[in-house]
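> requesting a structural model of the entry that follows:
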Amino acid sequence: MQYDPIKRSLGKVFNLHPLLRALFYRLLDLLLLRSWYLRRELRQWRLSAPADARILDAGSGFGQYVWRLAQMGEAFQITGVDVKKEQVADCNAWFARAGLAARVHFRVQELEVLHDEERYDLVLSVDVMEHIEADEKVMQNLCRALKPGGLLLISTPSDQGGSDTQHHHQEGTTGFIDEHVRDGYNRDDIRDKLLRAGFSKVDVAYTYGRPGSLAWKLSMKFPILMLNASKVFFIVLPFYYLLAWPIAYCLNYADLRQTHATGTGLLVKARR
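As a prediction, the model looks like this:
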């Protein structure tokens, strides 16, 4: 299933007014369980971060996490990179209208050829690695881009069924999200890759246990399936969320409070 066309359609709606874009970011924060985990980690990182920290969002997409980080530190210098030119142009334009152009910038960049050296205190990579074939090269580049002691935060599907694991065969690739190049990461495999890339300490934890996986289906999978079937469901969607969101919220909260022996997502913290 193609996820990007749905994201583009939603982006057009929420770009009609700057306040709608900010609302869109807040809705994503509420809906996406990975955002719950990342916000918790970012709050912890903020306690010891430099006041003028330099941050890289490696695969910035809509700019959701750049917006979040810009609110966390008034002097943070934030760079968002993405391979999609139209998305980079859109983010630069919107963040300029929001008065943040002096310390927030987006650029077109392939992570396989990132050449920044010892520049960032924090690098964020959210649902990116599963899209990149040369992932070890990217990990090396991100390690080199960090200052000594800097932190890399990765959120990615695990090999326990993340994003409804896709399958590769001669006729093509099938699965809920077709843009992935791998069926998620094994916890030990991603730790070993990061250590080989030059990181000194790597912690990997499962996310999206049973509560979170059910919440994801309610808040993301089923709505996207509906929108892929027909754009008419854009009209139905608000009413669907009135019923589904309270349940998904409780499930997200339960997932965040638990330690999972397994799960369909991984949260990775790697120190240079």
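> need the contact list for W45.
122, 151, 153 (C-beta atoms under 8 Å, 6 or more residues apart in numbering). To be clear about C-beta, it is placed using only N, CA and C from the backbone, and glycine gets the same treatment.
> the same query, at a cut-off of 10 Å, please.
If a contact means C-beta atoms under 10 Å, 6 or more residues apart in numbering, then W45 has 53, 55, 69, 72, 121-122, 124, 151, 153, 269 as its contacts.
> list the contacts for Y253?
33, 36, 211-212, 215.
> out of those residues, which is nearest to A22?
W36 (18.8 Å; C-beta to C-beta).
> quick check: E118 is in a helix.
No. Under DSSP: H, G, I helix; E, B strand; the rest coil, E118 sits outside any helix and is assigned coil.
> turn the contacts of W45 into CSV, including neighbour count, pLDDT and secondary structure.
Below are the contacts of W45 laid out as CSV (neighbours: other C-beta atoms under 10 Å; pLDDT from 0 to 100; DSSP: H, G, I helix; E, B strand; the rest coil):
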residue, neighbour count, pLDDT, secondary structure
A53, 20, 98, coil
I55, 27, 98, strand
L69, 21, 96, helix
M72, 17, 95, helix
D121, 20, 98, strand
L122, 23, 98, strand
L124, 28, 98, strand
L151, 23, 98, strand
L153, 20, 98, strand
K269, 18, 98, strand
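> point me to the helix or strand that includes C143.
Element membership for C143, per DSSP states H and E: helix 135-145.
> what of A215?
In this assignment (DSSP H and E), A215 forms part of helix 210-216.
> for K221, grab the count of nearby residues.
By the measure other C-beta atoms under 10 Å, the count of residues near K221 is 16.
> so, low pLDDT: which residues of the stretch 51-200 of the chain?
The stretch 51-200 of the chain contains residues with pLDDT under 70 at 162-179.
> can you rerun that using 90?
62, 161-183 (pLDDT under 90).
> which stretches in it count as strands?
Secondary structure of the stretch 51-200 of the chain, counting by DSSP state E, counting those that start in this stretch: strands at 54-58, 77-82, 104-108, 120-126, 146-157, 167-169, 172-174.
> please identify the most buried of these.
Among the strands of the stretch 51-200 of the chain, ranked by average contacts under mean count of other C-beta atoms under 10 Å, first place goes to strand 54-58 (a mean of 26).
> list the strands paired with that one, with their directions.
Using DSSP bridges, strand 54-58 pairs in its sheet with strand 77-82 (parallel), strand 120-126 (parallel).
> just to revisit the earlier point, now flag whichever of the contacts of Y253 is closest to L19.
Distance to L19 across the contacts of Y253 (C-beta to C-beta) is lowest for W36, with 23.5 Å.
> before we move on, what SS does the closest one have?
Going by three-state DSSP: W36 is helix.
> got it, and T259?
Here T259 is recorded as coil under three-state DSSP.
> residues contacting it?
Residues near T259 by C-beta under 10 Å, 6+ apart: 205-206, 209.
> do you know how far it is from A89?
Counting by C-beta to C-beta, to the nearest Å, the separation of T259 from A89 is 42 Å.
> L152 and D255: what is the separation?
On the measure of C-beta to C-beta, L152 and D255 end up 23 Å apart.
> which residue sits closest to the most centrally placed residue in the chain in space, ignoring its chain neighbours?
The centre of the chain sits closest to V126, judged by C-alpha atoms, centre = their mean, with a distance of 2.7 Å. Nearest residue to V126, sequence neighbours excluded (C-beta to C-beta, 6 or more residues apart in numbering): S155, at 4.8 Å.
> now the one you found, which residues is it bridged with?
For S155, the beta-bridge partners under DSSP bridges are V126, L267.
> you'd agree it is up against R39?
No. Assessed by C-beta atoms under 10 Å, S155 is found out of contact with R39, at 11.2 Å.
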